[in-house]
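1. Need coordinates for the below:
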Amino acid sequence: MNKKVFTAGIALLLLLSGMLVLGISEAAVEGNHEEDGAYFEPEIVTYTEEVELGDEIEIKYSIKNTGNEPGIQDIILSVKVEVRGEQVYNEEIHREELLLAPGQEWNDTQIYDTEDEEDEYGDIPFLEIKADVEILLETDDASDSAETTITKPGVIPGFTFILLAIGVTFAVMIYHRKKR
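-> The predicted structure is shown next:
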């Protein structure tokens with residue numbers, strides 16, 4: 001009988017030890033979870049989706065500490081502008097150091113004036129130009145982005161198409177003249 005009690009005691013001890021090790025392993029994994037400590041979650045809430053060159057893009061955003069401890073982080077809002085696939089402008093438009101308690105949310109609105117980059121588009125008269133703009137909101141933990149468009153209207157709507165049609169017409173006329 002002593003042998004049975006001893007064996008049962010050892011089995012119970014091993015079972016409890018295994019549960020304890022499993023519990024420690026799960027705690028270690030949870031300790032690496034991104035929301036332990038401070039975790040600043042950025043979100044671009046609204047923004048102007050399309051503007052003409054010279055107008056303003058209004059960007060409303062929020063930062064929320066979804067972690068379980070207070071924290072301090074730098075918040076960076078920037079824009080990148082590409083015209084015809086080539087980056088022509090990259091600017092940090094706002095940087096701020098935030099202290100947020102767990103569950104606390106901070107909201108802000110920034111204005112980006114597209115007139116500042118008017119020279120970057122090049123001066124091609126009559127032609128409409130479109131630029132792709134990436135809005136990027138970053139914290140140490142995560143980032144959020146959005147895309148908008150800036151247009152520089154041509155003098156005559158559809159002027160690029162009209163120039164193309166005239167060019168093709170002249171090319172055909174010259175080709176037929178040379179053939180005679």
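2. if I pick Gln73, what's in contact with it?
-> Going by C-beta atoms under 8 Å, 6 or more residues apart in numbering, Gln73 touches Ala38, Phe40, Glu97, Leu98, Thr139, Asp140, Asp141. All C-beta spots, glycine's among them, are computed from the backbone N, C-alpha and C.
3. Give me the distance between the third one and Leu53.
-> This means Glu97. 33 Å (C-beta to C-beta, to the nearest Å).
4. Check which strands are paired with the helix or strand Asp132 falls within and give the direction for each one.
-> Asp132 is located in strand 129-138, with elements delineated by DSSP states H and E. Applying DSSP bridges, strand 129-138 is found paired with strand 71-83 (antiparallel), strand 143-152 (antiparallel).
5. Which stretches in the chain count as strands?
-> All strands of the chain, identified by DSSP state E, fall at 40-47, 50-52, 56-65, 71-83, 86-100, 105-113, 129-138, 143-152.
6. Quick one, which of these gets closest to Lys179.
-> Ranking those by proximity to Lys179 (C-beta to C-beta) places strand 129-138 first, at 37.2 Å.
7. Just the buried residues of that closest one, please?
-> Neighbour counts using 16 or more other C-beta atoms under 10 Å place Ile129, Ala131, Val133, Ile135, Leu136, Leu137, Glu138 of strand 129-138 among the buried residues.
8. number of nearby residues for Ile174?
-> When neighbours are counted by other C-beta atoms under 10 Å, Ile174 registers 10.
9. Check it and give its pLDDT.
-> As predicted, Ile174 sits at a pLDDT of 84.
10. from memory Ser143 sits against Pro42, does it?
-> Yes - contact criterion C-beta atoms under 8 Å: Ser143 and Pro42 qualify, at 6.2 Å.
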